[in-house]
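[1] Structure here, sequence nowhere to be found:
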């Protein structure tokens, strides 16, 4: 099995395994006790804290260990908001943050707080000026990830941090995907990270709070971890996390260059091998080990299952691989294709031969999934024309002087509305209009994306009632050829 899902969790680093085994014997006691075994555990914990602090560019007394990266985010946001409540209750975050941020923001809003969401471009990157434009006098906290967990895009944290500093707004940086791989960005006030992302054991998160940043724990006070995180600390796991962080940082420069080359190979060859594929994420400002692409006319869950059978463990942000049957909020915010999404994230030590096997197997597997559709798909010979967005303020009208062809895809889930559109668009002459009736939320993203990939003209949305439907939305497409 070729494991290509390190963005979810990394295999345990050999150094972490060795440190964990040693710390189980030496660091099992309560580090708060004064007897010999307690003092031994305390020395191991202090050394681990100092090691993590050095790698993250922090002081040891700024580091607290949590039960996970998610808990670090939760406590960081809620604690900073509570600590800055005299300033206000306004929270700002990007549209592509991890779900731990989104859920915490929802809770904050439900409790009377205010939340502003900053949009991103088609690469998933925010503009620092747009981020700062959301600031108010009552803004108590800004949150921005260092790099995106689904598409690998690196965010302009340094620029945003400078703008936050100009107006005295604390910035929490979620560094879960980049810690251990890239240098920690400058200017953060709070930082969250997760050990199992860099090859440490699961169950260890990091919350760093700069000296002078106002923070008040949202949980009952506990004497451990400077009152920020209640409960008993897992000393052996923390020791292993610190050891593996030092190890991966020492290897990072050389290994990042090697993985970057392998990812570049995937980014270039997948669109050349598989018809109707969109590679997403910033092509330059990105993590070295993540590449994400989406395949038209493919059920993502089926494709991931076929890849698993072929010996490849990958992940997806597709709407069709989630129990909620809703599009990935990251892909939706980017305005890119959500169906048939595949995220490949390479662990340290990935062999070139494994990547070549993946590139050999992928075209056949995608073709097999698409085969029952009977679509004639060709590899691109030129760059597709960009999707044409309709002018705002008026509803689009059918064009071409002929009656529009109505395609009823109500009740169908992705990728079926787009498949129906592809099958039927040839029934109208060039300049004619196809109206797709759909009630799947993914259609709002995938139909415009399909138009961009197939050089068709997307005219926009109209009320479904105009075409005799009692629910859903009408999506209008003009045939270009």
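    Yep, that arrived. Keep in mind it's a predicted model, so treat the numbers as computed, not measured. Numbering: from 1, shown residues only.

[2] so residue 154 touches residue 126, yeah?
    No. Contact criterion C-beta atoms under 8 Å: residue 154 and residue 126 do not qualify, at 11.0 Å. Bear in mind the C-beta positions are built from the backbone N, C-alpha and C, glycine included.

[3] how long is stretch 103-122 from one end to the other?
    Length of stretch 103-122, first residue to last, C-alpha to C-alpha, to the nearest Å: 23 Å.

[4] list the contacts for residue 223?
    residue 32 (C-beta atoms under 8 Å, 6 or more residues apart in numbering).

[5] and it, backbone torsions?
    For residue 223, the backbone dihedrals (degrees, to the nearest 10) come out as phi -80, psi -10.

[6] quick one, domains of this protein?
    8-248, 254-373, 405-478 (automatic domain parsing).

[7] Between those domains, which one is closest to residue 1.
    Residue 1 lies closest to domain 254-373 among the domains of the chain, at 5.3 Å (C-beta to C-beta).

[8] for the stretch 1-150 of the chain, what spans make up the helices?
    14-26, 36-56, 69-83, 99-110, 128-133 (DSSP state H, counting those that start in this stretch).

[9] Make a markdown table out of those helices and add distance to residue 433, mean neighbour count and mean pLDDT.
    A markdown table is the format used below for these (distance: least, C-beta to C-beta, whole Å; neighbours: other C-beta atoms under 10 Å; pLDDT from 0 to 100):
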| stretch | distance to residue 433 | mean neighbour count | mean pLDDT |
| --- | --- | --- | --- |
| helix 14-26 | 59 | 17 | 96 |
| helix 36-56 | 55 | 18 | 96 |
| helix 69-83 | 46 | 24 | 97 |
| helix 99-110 | 37 | 17 | 97 |
| helix 128-133 | 34 | 17 | 97 |
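
[10] Relative to residue 158, which of those helices is closest?
    helix 128-133 (8.8 Å).

[11] name the helices or strands packed onto the lowest-mean-pLDDT helix or strand in the chain?
    Sorting the helices and strands of the chain by mean pLDDT, DSSP states H and E puts helix 443-454 at the bottom, at a mean of 86. Contact partners of helix 443-454 among helices and strands, from 3 or more C-beta pairs under 8 Å, 6 or more residues apart in numbering; DSSP states H and E: helix 416-424, strand 433-438, strand 457-463, strand 473-478.

[12] can you give me the helices for the stretch 201-350 of the chain?
    In the stretch 201-350 of the chain, the helices defined using DSSP H, counting those that start in this stretch lie at 235-273, 300-309, 329-334.

[13] Out of those, which is the most enclosed?
    helix 329-334 (a mean of 24; mean count of other C-beta atoms under 10 Å).

[14] about what we covered before: and the domains of the chain as CSV, adding distance to residue 2?
    Shown next, in CSV, are these (distance: least, C-beta to C-beta, whole Å):
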stretch, distance to residue 2
domain 8-248, 12
domain 254-373, 4
domain 405-478, 26
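
[15] Which of these sits closest to residue 379?
    Residue 379 lies closest to domain 254-373 among these, at 5.1 Å (C-beta to C-beta).

[16] average pLDDT across that closest one?
    Average pLDDT, domain 254-373: 90.

[17] Off-centre distance for it?
    Centroid separation between domain 254-373 and its chain, computed with C-alpha atoms, centre = their mean, to the nearest Å, is 14 Å.

[18] Equivalent analysis for stretch 8-25, please.
    So, by C-alpha atoms, centre = their mean, the centroid of stretch 8-25 is 26 Å from its chain's centroid.

[19] How about residues contacting it?
    Stretch 8-25 is contacted from outside by 3, 44, 196-202, 235-237, 239-244, 246-248, 315, 345, 347-348, using C-beta under 8 Å, 6+ apart.

[20] which ones are touching residue 108?
    Residues near residue 108 by C-beta under 8 Å, 6+ apart: 77, 78, 81, 89, 91, 115.

[21] Which members of those are the farthest-apart pair?
    Greatest spacing in the contacts of residue 108, by C-beta to C-beta: 78 and 115 (13.2 Å).

[22] Nearest to residue 376, out of the helices of the stretch 201-350 of the chain?
    helix 235-273 (17.3 Å).

[23] hmm, back to that, export the helices of the stretch 1-150 of the chain to JSON lines and tack on distance to residue 212?
    JSON lines is the format used below for the helices of the stretch 1-150 of the chain (distance: least, C-beta to C-beta, whole Å):
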{"stretch": "helix 14-26", "distance to residue 212": "33"}
{"stretch": "helix 36-56", "distance to residue 212": "16"}
{"stretch": "helix 69-83", "distance to residue 212": "11"}
{"stretch": "helix 99-110", "distance to residue 212": "23"}
{"stretch": "helix 128-133", "distance to residue 212": "22"}
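
[24] Tell me which of the ones you listed sits nearest to residue 189.
    Closest of the helices of the stretch 1-150 of the chain to residue 189 is helix 69-83, at 7.4 Å (criterion: C-beta to C-beta).
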